[in-house]
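Student: Need coordinates for the below:
(2 chains)
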Amino acid sequence: MVRHFVRLKLRILANRIRSQSIIGTVGYFAMWAAGLLGGLLGGLAVFGLGRLTDEPGLALVIGYVVAFLGWMIVPPSLSALDETLDPRRFELLPLTPRRLTAGLLAAAAVTPGGLGTLVALIIATVGSFPEWQLIPVIGLAVAVELMMCLVIARLVTTLLSNLLSSRRARELVTLGFALVIGLVALLPTLLGDPDTGPEIEVTVTSLEWIERMVWLPPGALATSVGMASDARYLESLGLILYGTTAAALIGLGWSSSVRRMLTRAPSSGRRGRRRDEVGRTLALMPSWLRIRGPVGGLAAKELRYLVRDNRVRSQLIGSLVPVVAIAFVSRGGIGESEFAPFLATGIAFLIVLGVLANQFGFDGGSFWAYVVSPAPLASVVRGKNLGWGMVAVPPVAVGALALGVWSGDFSYVAAAVVAGVAVLLVATAVGNFTSIYGAFRIPETNLFGSKGASGVVFFAVIISMFASGGLLLPLAALVVVPTLWVGPPGATVGALAGLGYATLVYLLAMRLTGRLLIERQQDLLETIDKDLG
Amino acid sequence: MQGTAVSFRGLTKRFGDKTAVNGVELEIPNGSFFGICGPNGAGKTTMLRMATGLLRPDHGSVEVAGLDVWADPAAAKRRFGVVPDSPRMFDRLTGRELVEFNGLLRDMDPAVIEERSRVLLRLLDLEDDADTLVTDYSLGMTKKAAIACALLHDPRVLFLDEPFAGIDPVARQVLERILRRHIEAGGTVVFSDHAMDVVERLCDRIMVIADGSVLVSGETTEITEGRRLQDVFVELIGVPIDETGDLTWFGTSSD
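Tutor: The predicted structure follows:
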């Protein structure tokens, strides 16, 4: 039965390539190449860390634990892209939970992440303990670790799906992601350079902490190889059995959660009859502040979606997390300098990058409503931008202020807020253009709904990121040069000039995207038709 | 063939404060063409989902072809086929591949799968599009593909949730013939639909459900007593005499 799942996965992969445009196909292969490259680099990093610190066993423990945590956190955000991993697709078939979970596990292995992890584990383990007689132990440890990674990813994904259609759980996952970022960022410090005096104490404490990870199942699997290398075969076998038992227990938990998932009602993610907080908040706004007409209506709709759409909320939180993580882990760097408030501009960048490059993907079906309404289509884009501006500006302002408090210097808070708004405008302009242009130019694999077009969306986001980065260079120059010259007053003036530049970029992009939106309206409707049909 | 194909015993499902299905007791004899009617939100889909192992009931049990669906869902699913209202399918497979993988995952013999899928795709007029991806199918074609998957293993009982919605008249006629043939061979069909004329024409037994409770159930002729099912249905459900009175503004636009 397992082979049918693998064949199904391979068939879907082949069909996906067949049905995609050349750009989509390239993007798709790029994801596999990235998985392979990531695996190579990850494996070499662990191997190198072991060499540098002369602690290959501990480095391998870290590698195995990080791989496990990575699988626990990353796949739940991506699983929607893979239909063979959705247990509900099999709900009509007479499959016992055991057979279903075995099949899903096999399908989960056939991914760029699965390939990368396998490569990373082999390189790291063989590199750390290059002894031919250890091959059976290495094979077992790698196989069980990979299985444990796959199983924990499936367990977490299924549990998240069970929990309020994954809304709050996804938010927790995002926070968990920060822990992994923090762990990775702190690795050099944890195993740091013993020559730097003040960090020696931290290193010793950290090594003790890492040694404790040996008792975690992934750590135990990594340690089993070291034990075998020291000819402590019985202990090695015991650790592998421990890891295997843990993997089996996780598998049982997963199987049970799959069974529950398949027999419960789908939920919108809203609990009970919760009243519309956004509507109430908008009602409290003074009437002169309320924007009327289609643009105001669209903005209000976007704000309502923020409350109701799990993915939007998780992306919003996801945008805050890296900035907070950088501020915390960059000890002695920008996070503690007077320039810390400028990190808040990253919040604006990430919010837009994560959302607006595929802004219609969230509600492609709504495009029908836009088309049949008398509102100009350009107003749709303006309304969406306004809604997201209202969402993004407060975190930027609060973030800049909080980073000022964190660093103990408020000199650059005002400049950082203005610069953040400028970044928001530029990134929004690029996001609008990418979203609409992408959907127009490659309608077969449109960005609308991103159904089966993960490669293209990945590509679009990367292109959007680079384009935004390029257009932000003049803005950065406008802020940095006067800052270096006359300090905070120069930064404020520079940020205001940057805001002017960003406004020009935004207005130009709005003209282009508004025109494109009207010109290719029919293509858009066709692509949406497919996703809805 | 006598005996019971499907039996609901005290079937109940609540969603928060709302009781979607309220203690339904029902026996559907073998060989029946059974129609479930009710207004929107009456509980028809919830009932069918509970009957087919897709939604766990809060109380009660369901037996299909002699097997308790919730005691052994996998075994029960071998004996029935389902066409849900909005089927979740692998839309990056072609129609032919979809049907074939459906058979493989049911542990069917590949030769049997090939033979049956060829016949089903031809009968459902999907032969020419058998190598097209399901994602490129229209709504009606997708439904036909789902029907082919449900019929492939020759189930004893067929559950269909609004099977005729969105499919063309020719396919509708073919589907009706297939379902009648299934009945003639001793099978049972349970389906829900809003089209009263279809239900009246096809079904020898019907049930009308509203607010999760069974209003009436039995042989079609006994329930209609010579009247149109549409009239009986409206009478049972009740309808406001004139709710359009508030639309005084409607039709006055001069634009």
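
Student: list the buried ones in stretch B:6-26?
Tutor: Judged by neighbour count (16 or more other CB atoms under 10 Å in any protein chain shown), stretch B:6-26 contains these buried residues: B:6-9, B:11-13, B:19-22, B:24, B:26. Where C-beta positions appear, they are placed from N, C-alpha and C, glycine not excepted.

Student: Who are the contact partners of residue 99?
Tutor: Going with chain A. Under the criterion of CB atoms under 8 Å, 6 or more residues apart in numbering or on different chains, the contact list for A:Arg99 reads A:Met1.

Student: try chain B instead
Tutor: With CB under 8 Å, 6+ apart, B:Val99 has these contacts: B:Ile113, B:Ser117, B:Leu120, B:Leu121, B:Ala145, B:Ala148, B:Cys149, B:Leu152.

Student: try 7 Å this time
Tutor: B:Ser117, B:Leu120, B:Leu121, B:Ala148, B:Cys149, B:Leu152 (CB atoms under 7 Å, 6 or more residues apart in numbering or on different chains).

Student: Give me the local confidence score for B:Leu151.
Tutor: We have a pLDDT of 90 for B:Leu151.

Student: Give me the distance between it and B:Phe34.
Tutor: According to CB to CB, to the nearest Å, B:Leu151 stands 17 Å off from B:Phe34.

Student: ok, now A:Val505?
Tutor: From A:Val505 across to B:Phe34, the span is 64 Å (CB to CB).

Student: Counting neighbours, go ahead and name the busier of the two.
Tutor: Set A:Val505 next to B:Phe34 and count neighbours by other CB atoms under 10 Å in any protein chain shown: B:Phe34 wins out with 25 against 21.

Student: Any idea what the more buried one is bridged to?
Tutor: B:Val190, B:Arg205 (DSSP bridges).

Student: Surely it touches B:Gly187?
Tutor: No. Contact criterion CB atoms under 7 Å: B:Phe34 and B:Gly187 do not qualify, at 11.5 Å.

Student: And the helix or strand encompassing A:Leu298, what's buried?
Tutor: Following DSSP states H and E, the helix or strand that holds A:Leu298 is helix A:293-308. Along helix A:293-308, the positions that meet the burial threshold by neighbour count (16+ other CB under 10 Å) are A:294-306, A:308.

Student: pLDDT on that helix, on average?
Tutor: Along helix A:293-308, the predicted local confidence has a mean pLDDT of 75.

Student: What of stretch B:43-59?
Tutor: If you average the per-residue pLDDT over stretch B:43-59, you get 89.

Student: and if you look at stretch A:253-266?
Tutor: When the per-residue pLDDT values of stretch A:253-266 are averaged, the result is 75.

Student: Can you pull the residues of chain B lying near chain A?
Tutor: Among all residues of chain B, those adjacent to chain A (criterion: CB under 7 Å from any CB of the partner chain) are B:15-16, B:54-56, B:74-75, B:77-78, B:82, B:88, B:90, B:92-93, B:97, B:101, B:104-106, B:133, B:135, B:138-139.

Student: Need the buried ones from these selected in ChimeraX.
Tutor: Here is the ChimeraX selection string for the buried members of the residues of chain B next to chain A, based on 16+ other CB under 10 Å:
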select /B:54,55,56,77,78,82,90,92,93,97,101,104,105,106,133,135
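
Student: how many neighbours does A:Phe339 have?
Tutor: With neighbours defined by other CB under 10 Å, the count for A:Phe339 comes to 20.

Student: ok, now how distant is it from chain B?
Tutor: Relative to chain B, A:Phe339 is positioned 48 Å away (criterion: CB to the nearest CB, to the nearest Å).

Student: Skipping its backbone neighbours, what lies nearest that residue in space?
Tutor: Counting by CB to CB, 6 or more residues apart in numbering or on different chains, the nearest residue to A:Phe339 once its immediate chain neighbours are dropped is A:Tyr412, at 6.1 Å.

Student: A:Val371: which of the buried residues of stretch B:6-26 is nearest?
Tutor: Closest to A:Val371 out of the buried residues of stretch B:6-26 is B:Ala20 (34.8 Å), distances taken as CB to CB.

Student: so is the closest one in a helix, a strand, or just coil?
Tutor: Using DSSP: H, G, I helix; E, B strand; the rest coil, the structure places B:Ala20 in strand.

Student: next one: the one 4 residues further on
Tutor: Per three-state DSSP, the secondary structure class of B:Val24 is strand.

Student: For it, report the pLDDT, please.
Tutor: What the model reports as pLDDT for B:Val24 is 89.

Student: I'd assumed B:Phe8 was in contact with it.
Tutor: Yes. At 4.8 Å, B:Val24 and B:Phe8 qualify as touching, with contact defined as CB under 7 Å.

Student: ok, and what's touching the helix ranked longest in chain B?
Tutor: Looking only at chain B and at elements set by DSSP state H, the helix with the highest residue count is helix B:169-184. When contacts are taken as CB under 7 Å, 6+ apart, the neighbours of helix B:169-184 outside the stretch itself are B:31, B:33, B:123-125, B:140, B:144, B:147, B:151, B:158, B:163-164, B:167, B:189, B:202.

Student: Of these, which belong to helices?
Tutor: Among the contacts of helix B:169-184, the members falling in helices (DSSP H) are B:Leu123, B:Gly140, B:Lys144, B:Ile147, B:Leu151, B:Leu202.

Student: check contacts around the closest residue to the last one other than its chain neighbours.
Tutor: Distances taken as CB to CB, 6+ apart put B:Phe33 closest to B:Leu202, at 5.5 Å, once the chain neighbours are dropped. Contacts here follow CB under 7 Å, 6+ apart; on that basis B:Phe33 touches B:Ile183, B:Val189, B:Leu202, B:Cys203, B:Asp204.

Student: Then A:Ala246?
Tutor: A:Ala246 is in contact with A:Met148, A:Pro217, counting by CB under 7 Å, 6+ apart.

Student: so how far is A:Gly253 from it?
Tutor: Taking CB to CB as the measure, A:Ala246 and A:Gly253 are separated by 11 Å.

Student: what's the answer for A:Arg511, then?
Tutor: With CB to CB as the criterion, A:Arg511 and A:Gly253 are 54 Å apart.

Student: So those two - more neighbours on which side?
Tutor: A direct count of neighbours by other CB under 10 Å for A:Arg511 and A:Gly253 places A:Gly253 higher, at 16 against 11.

Student: Helix, strand or coil: sort out the more buried one for me.
Tutor: Put simply, A:Gly253 is helix when judged by three-state DSSP.

Student: Now do the strands in the stretch 101-250 of chain B.
Tutor: Counting by DSSP state E, counting those that start in this stretch, the segments of the stretch 101-250 of chain B that form strands are B:157-161, B:188-192, B:205-210, B:213-219.

Student: Those: which one's closest to A:Gly420?
Tutor: With respect to A:Gly420, and counting by CB to CB, the nearest of these is strand B:157-161 at 50.6 Å.

Student: can you give me the mean pLDDT across that closest one?
Tutor: Here strand B:157-161 scores 91 as its mean pLDDT.

Student: now it and strand B:188-192, what's the angle there?
Tutor: 10 degrees (axes from the mean of the first three to the mean of the last three CA atoms, to 10 degrees).

Student: Tell me which strands strand B:157-161 pairs with, and in which orientation.
Tutor: Here strand B:157-161 is paired, per DSSP bridges, with strand B:80-83 (parallel), strand B:188-192 (parallel).

Student: any chance of those strands in JSON lines, plus mean pLDDT?
Tutor: Formatted as JSON lines, the entries for these read as follows, by pLDDT from 0 to 100:
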{"stretch": "strand B:80-83", "mean pLDDT": "91"}
{"stretch": "strand B:188-192", "mean pLDDT": "91"}
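
Student: can you redo the ones you listed as CSV with distance to A:Val479?
Tutor: Rendered in CSV, the data for the strands paired with strand B:157-161 read as follows (distance: least, CB to CB, whole Å):
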stretch, distance to A:Val479
strand B:80-83, 61
strand B:188-192, 63
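
Student: To A:Ala220, which of those lies closest?
Tutor: Shortest distance between A:Ala220 and the strands paired with strand B:157-161, using CB to CB, is found for strand B:80-83: 44.5 Å.

Student: check contacts around the residue nearest to the spatial centre of chain B.
Tutor: Nearest to the mean C-alpha position of chain B, by CA atoms, centre = their mean, lies B:Leu160 at 1.8 Å. B:Leu160 sits next to B:Val83, B:Val189, B:Phe191 when contact means CB under 7 Å, 6+ apart.

Student: Alright, that wraps it up for me.
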